[in-house]
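**Student:** Predicted structure and sequence below. I'll ask about it afterward.
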Amino acid sequence: MASGVDNIRAEQRDFAIIADLIPHGASVLDLGCGNGDLLRSLREEKDIYACGVELSQENLLECVRKGVPVIHADLNDGLGDFSDDSFDFVILSRTIQAVARPDRLLREMTKVGKQGVVSFLNIGYAPSRFQLMFRGRMPVTKALPYAWYNTPNIHLATIKDFRFLCSEIGLRIIEEIPFGPKHNLLARLWPNLLAPSCVFIIENK
Amino acid sequence: MKIDTLNLIIEGKEFSFGGGEGNGLQLDCGRSLPEVNISYETYGELDDSKSNAILVCHALTGNSHLAGRHSPDDSAVGWWNCMVGPGKPFDTDQYFIVCSNVIGGCMGSTGPCSINPDTGKPYRMDFPVITIADMTRGQKKLMEHLGIGKWLSVVGGSMGGMQALQWSVSYPESVGSVMAIATTSHLSPQAIAFDWVGRLAIMSDPAWNNGNYEDDLPESGLAIARMLGHITYLSDESMRRKFGRRLQEKENYSFDFSKDFQIESYLEHQGHQFVERFDANSYLYMTRAMDYFDLAPDGDLREAFAQSNSPFLVVSFSSDWLFPPENSREIVKALRNNNIEVSYCEMESAYGHDAFLLETETLGGLMADYLRARKADME
């Protein structure tokens, strides 16, 4: 129960940071848009042109209930249904760790959108490192409650890993916003060790 | 709080036009219908701003009778009774719902059974071949007759979905939104093949007599066509679940060629029921109209939707192999590439193509939610 509440808080922080980045009237594609909360609030507050992509039928029906346009698709099939430069922003929030090929998706999303906004949980965060180091077992945290064998989060990465991948595949990091539910100062001081999450804004070089 | 429509008594209505030079309906084939009758039904009330009107387009063998009964002794209710009525997804307390019988059919609108004003005899096979676009031309005339400027939504499943798509292409300014269910922007060669065999079954029946049958109807040909069609509406899984390999009222195989299996008996029943209510010539015309349906003969579907500007809801069903989800995804892609607002759901279902008539709860909820958002947009 506690982990659920913490997760919701972290997600709200996540959404708040992303929402701040999106200017009024922008066109926004949200990959793995879940129940559509982020797009709905962006529509209401910033009058954006919104489109969500979601795999779960239950979430999708909820998006429609909220008046959020949404397309039923599997991100692992790529973004071929979207033409290049058709959105100002493509958001990938807390989803990258679950896709089969994060590198391919990052490349595609920075083609479809002028800028990509990626948020993810940093597995280099101290508590995760300590679990691996002292317990000798894969980290299980409040934000990542699964065991290694049943987790949908198959591609966990550290903030450093992400920076490295971006440079490998020719993406420029425009902004990096490490954050935690409470300790933003520490998170900024040494992100890879002290930030539980991070938002990146990226674009094609 | 759902009040049922079982006690709703609905009256069929007629609208005729033509009867003078240039007043008829010009058709894609080059010919025209000098006199046209459109039979239709309406549900709910048109509001003062005339902004709550929804057009429902029926499928191949459907009709304008969506819900309720024509008289208290009617044994059956309309084909979309679960969707249309007070408190239902197409809420008659909020919306004004129109459904007309397509031209070329046999349910009251002008078709092969109608009298040709030039000869005073039924058209039969002299009826011009019509297209999906011709069907929407007739519906557009009805729209004008009803004084409606813009539909809140045009909705249809299967062949009805083709009409809904056609509306957005032919009359973009008259369409507030489109709900295209289990449909396609072009009939696939596989579906054309099934239609061809179905028509051959009818035309090979000696009773068909080049369409000039009177009392002796081409029942066996039409029943075979229907059985063939019906197979394409189901899925392997739905047949397994419903019938398995179970035998019909017997313990062992008969070791002859009479009906042994439940599935055989079911199909025969479907065939028999169908010949009671459908005209063989109309079946030829309807299936031909579907064969010819292709919004992008040159292959550029994006261009086809270039003038469309209303939001779309596209729904496919996972086990539909007649109009498979790929067909819907092509539509979604073309719409997206025109920056048209589109929502797409590939609904999980084992029912095959028929899911659009059977997944009433999930589909009904989805359409109700979508309509509510469209109405809010209009206000």
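**Tutor:** Yep, that arrived. Residues are numbered from 1 along each chain as shown, chains lettered A, B, ... in the order given.

**Student:** Tell me the pLDDT of residue B:6.
**Tutor:** With respect to pLDDT, residue B:6 has a value of 55.

**Student:** quick one: the strands in the stretch 201-350 of chain B?
**Tutor:** Remark: strands assigned in the stretch 201-350 of chain B by DSSP state E, counting those that start in this stretch are B:312-317, B:342-347.

**Student:** So which of the ones you listed is the most surrounded?
**Tutor:** strand B:312-317 (a mean of 28; mean count of other C-beta atoms under 10 Å in any protein chain shown). All C-beta spots, glycine's among them, are computed from the backbone N, C-alpha and C.

**Student:** what's it packed up against?
**Tutor:** Under the contact criterion of 3 or more C-beta pairs under 8 Å, 6 or more residues apart in numbering or on different chains; DSSP states H and E, strand B:312-317 touches strand B:178-181, helix B:325-336, strand B:342-347, helix B:355-358, helix B:360-378.

**Student:** Please enumerate the helices of chain B.
**Tutor:** B:132-145, B:159-170, B:189-203, B:219-233, B:236-242, B:262-277, B:280-291, B:301-304, B:325-336, B:355-358, B:360-378 (DSSP state H).

**Student:** Looking at these, spot the one closest to residue B:88.
**Tutor:** helix B:360-378 (7.2 Å; C-beta to C-beta).

**Student:** Quick one: residues in contact with the closest one.
**Tutor:** A:61, A:64-65, A:67, B:51-52, B:54, B:82-83, B:88-91, B:94-95, B:152-153, B:155, B:176-177, B:179, B:181, B:311, B:313, B:315, B:343, B:345, B:347, B:355-356 (C-beta atoms under 8 Å, 6 or more residues apart in numbering or on different chains).

**Student:** How about it, which residues are buried there?
**Tutor:** Neighbour-count burial for helix B:360-378 flags B:360, B:362-364, B:366-375 (criterion: 16 or more other C-beta atoms under 10 Å in any protein chain shown).

**Student:** mind giving me CSV with these and columns for distance to residue B:25?
**Tutor:** Shown next, in CSV, are the buried residues of helix B:360-378 (distance: C-beta to C-beta, whole Å):
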residue, distance to residue B:25
B:360, 34
B:362, 38
B:363, 32
B:364, 34
B:366, 34
B:367, 30
B:368, 34
B:369, 36
B:370, 31
B:371, 30
B:372, 35
B:373, 35
B:374, 29
B:375, 32
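
**Student:** Looking at those, which is nearest residue A:154?
**Tutor:** residue B:362 (29.6 Å).

**Student:** Could I get the contacting residues of the residue nearest in space to the middle of chain A?
**Tutor:** Nearest to the geometric centre of chain A sits residue A:93, at 2.1 Å (C-alpha atoms, centre = their mean). With contact taken as C-beta under 8 Å, 6+ apart, residue A:93 is in contact with A:14-15, A:18, A:30, A:32, A:38, A:117-119.

**Student:** Model confidence score at it, please.
**Tutor:** 95.

**Student:** Give the bridge partners for it, please.
**Tutor:** residue A:119 (DSSP bridges).

**Student:** got the residues of chain A near chain B?
**Tutor:** A:49, A:51, A:57, A:60-61, A:63-65, A:67, A:69-73, A:80-83, A:86 (C-beta under 8 Å from any C-beta of the partner chain).
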